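[1] okay, predicted coordinates and the sequence, questions at the end:
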Amino acid sequence: MTGGQRDRVFTGRILFLTSDATLLRRQLDGEDLPWDPALALMDNISTDEITPAWVCYYYDETLGKYVNIGFRQGNVKHGDFADAGAAVVVSGLSKGCGSSRETAPYAEKWAGVQLVIAKTIEKIYGQNCQNIGLLTSTDFGLIDRIRRGESIPLDEFTRGLDPISADVVRYGGLFPYNRARLRGEVAPPPITTTPRPMNVTEKIIASRAVADAKTGRLGLPAVAPGDALFCRTDVRFTHEYVTPMAEALFLHSLGPEARVSDPASVYAFRDHLTYLGQAMSPEHKKMGLLALADGMAVTQERFTTRQGIRLFGEVEGGGSEAICHNAVLEEIGLPGQVIIGSDSHTCTAGALGAFAFGVGATDIANAWYTQDVRVVVPETVRVDLQGQLSGSLTAKDVMLKILADPYIKSGKAIAQVLEFGGEGVRFLNMDERATLTNMAVEAGATTGIIEPDDITVDYLMAMGRWSSERDQPHLFASDPEAQYAHRFAVDLTTLRPMVARPGDPRNGVELSSLEGLENGPVRIDIAYGGSCTGGKMTDMDLYARVLGAAVAQGRRVKEGVELYIQFGSQRIKRYAEERGYITLFEAAGATLINPSCGACIRAGPGVSESKDDVTVSAINRNFPGRSGPGKVYLASPLVVAASAIAGQIVGPAEIGL
């Protein structure tokens, strides 16, 4: 058999990640549960729960001691899972949703886990598992076979995978596979898809497909869902959370003198942890975690200097030049490109008409060397936006409505692409389009994308980045006969303001129903406007619309409530300054923050301090513990600003703004 992996006998314990905290605790304390299909398993276990933000400051075997310490039950302690001796962990739907952090499967592997079984497995997490040799399956029939001591054929873990992924599993990870590929021992099968109608994503992939690895020839006549290939990337980026781990993998595999290929197309960002010192708990500081986190930035700067990589760094007074996704949108990305980044919200750049998606550290490290990334041509879901939004609605409301759709909530969109189209898109500017594509990953999708049009071109021209000769051929559009895995429509004329209840971005409900669902008004302690999702120029316009009306009426942020507004980039901050928004925001009682990921990842001002704190936020996800121990409701910038004035979750109209 090719590759390094062999048939497997799993001799450790099987742990069921139950929604019942008592049952989970009993297992961690040594009890083995019988398998019962009726057992209530945890759904939507995010990578934030597997390895909370502070755990990711480690990127070695230490991770195994902290695996799952962020579980929502709150009763998992340091070393519990490593000491439990689990070879197999079993859970429900959407295992590994959320951030692209590869620390999550690494932590499981270093805790002794050899196999992850779940009802559905999120795309980035599943690929990260393959990359590091951690086996995954959605076959619950394996449980009894493992307990009987059967030797499980490796084919059980490659069934249903594309040829490249199957070979990565057989070779025990992406680096061993690529070494074999470069030696000529293994190669992706040739793509034999004949010309066919294609959607915009398929056209980009076909144009950037590595047709001949030896000559570097790019381009195929056509591709179809399921085709496995390598694509030549146009942009590769990392942030300080991931760069050190990717560098360690890069140098370990290729040697201390290894050089990044085409460094001009590689970018790095010091944008995640610049405010960490203001948010880190005294306990974590005593553990030396702040020094570890600061050391990641030092490691990144040293690596980028040595490799000749453009680093978007810190600015005087705190914060960053830009959050990576805002910078890619404003300064770097172009239509028709393949863009990969070490962050799940890389899909933001899909608003430009690019195929942009997040990957883990191993994929990034490989792409630094090869310039290529493995791709399985995804199926695409067509989302038709009909009509035009009223002035009380935003793209955030649209996306929360989409995420609450049964197709999305059931996990059917995992690894697919959300293609947003229809007449409604024509009424959305680039910032609002970016909100849609940014949050596609909350559906479990690979990415979101919008066909480039005159709005795209006007945006790029305004940014000084349009060249008709260079860029015009890359304005791909879906063919009328293109095929889709699913289609659904959103009638924007009947849409109402939306809010996602705590725990998951897919918990969307109409704002008007919230009080009934929560047994009365939802009082808040924090209102947060910012992040890559809610810190764009148009978002600033929306905050200013509500806060300007409030100030004109002599009103300010409600006593006892903290309102934070954080800019996505220095360009966005200058935009706010030029329009007088900063003076207005301060007059309303808001605290302004320089660009950084900040509270969105529990690393800056706006983090909740107790489980009783309630936040309404314009960020993209509200998984347990992600922004602190409190409850987080997701809403549009309009609702965030109005709620800050009212002290409870409301829309502007409800309080006369």
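    Yes, it's here.
[2] shouldn't Lys396 be in contact with Thr533?
    Yes. Counting by CB atoms under 8 Å, Lys396 does reach Thr533; the two are 7.5 Å apart. Quick note: C-beta positions are derived from backbone N, CA and C, even for glycine.
[3] can you list residues touching both of those two?
    435, 618 (CB atoms under 8 Å, 6 or more residues apart in numbering).
[4] so where's this structure shaky on pLDDT?
    Residues of the chain that meet the criterion pLDDT under 70 lie in 1-5.
[5] mind giving me the domain split of it?
    13-180, 194-266+334-495, 496-657 (automatic domain parsing).
[6] how long is the first one from one end to the other?
    Right, the one you point to is domain 13-180. The first and final residues of domain 13-180 sit 33 Å from each other (CA to CA, to the nearest Å).
[7] check the shortest one too.
    Distance between the two ends of domain 496-657: 17 Å, counting by CA to CA.
[8] and the second one, by the same measure?
    The first and final residues of domain 194-266+334-495 sit 41 Å from each other (CA to CA).
[9] what does the strand or helix carrying Val551 contact?
    Per DSSP states H and E: Val551 is located in helix 537-552. Helix 537-552 is contacted by residues 394, 429, 431-432, 529, 556, 565, 567-568, 572, 575-576, 579, 581, 584-585, 587-588, 590, 618, 636-638, 640-642, 645, 652, 657 when judged by CB under 8 Å, 6+ apart.
[10] and those residues, which of them are in strands?
    Assignment to strands by DSSP state E places the following of those there: 529, 565.
[11] which among the contacts of helix 537-552 count as buried?
    Buried members of the contacts of helix 537-552, counted by 16 or more other CB atoms under 10 Å: 394, 429, 431-432, 529, 556, 565, 567-568, 572, 575-576, 581, 584-585, 588, 590, 618, 636-638, 640-642, 645, 652, 657.
[12] shouldn't Ala413 be within a strand?
    No. Ala413: not assigned to a strand; according to DSSP: H, G, I helix; E, B strand; the rest coil it is coil.
[13] tally of neighbours for it?
    Residues within reach of Ala413, counting by other CB atoms under 10 Å, total 25.
[14] find the nearest non-adjacent residue to Asn429, please.
    Thr538 (6.1 Å; CB to CB, 6 or more residues apart in numbering).
[15] returning to that earlier point: any buried residues in the helix holding Val551, and which?
    So helix 537-552, judged by 16+ other CB under 10 Å, has buried residues 537-551.
[16] nearest to Leu436 among these?
    Each of the buried residues of helix 537-552 was checked against Leu436 using CB to CB; the closest is Thr538, at 12.4 Å.
[17] for Ile582, see how far away the closest one is.
    Distance, Thr538 to Ile582, using CB to CB, to the nearest Å: 16 Å.
[18] how about Leu542?
    15 Å.
[19] distance across stretch 302-315, terminal residue to terminal residue?
    First residue to last in stretch 302-315 (CA to CA) measures 18 Å.
[20] list the buried residues for that stretch?
    Buried residues in stretch 302-315 (16+ other CB under 10 Å): 303-304, 307, 309-315.
[21] let's have those residues in CSV, adding secondary structure and distance to Trp54.
    Formatted as CSV, these follow (DSSP: H, G, I helix; E, B strand; the rest coil; distance: CB to CB, whole Å):
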residue, secondary structure, distance to Trp54
Phe303, helix, 22
Thr304, helix, 24
Gln307, helix, 28
Ile309, coil, 26
Arg310, strand, 28
Leu311, strand, 24
Phe312, strand, 23
Gly313, coil, 22
Glu314, strand, 20
Val315, coil, 24
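[22] what's the most distant pair in these?
    Gln307 and Val315 (22.5 Å).
[23] just give the closest residue to Asp144, not the sequence neighbours.
    On the basis of CB to CB, 6+ apart, the spatially nearest residue to Asp144 that is not a chain neighbour turns out to be Trp35, at 6.5 Å.
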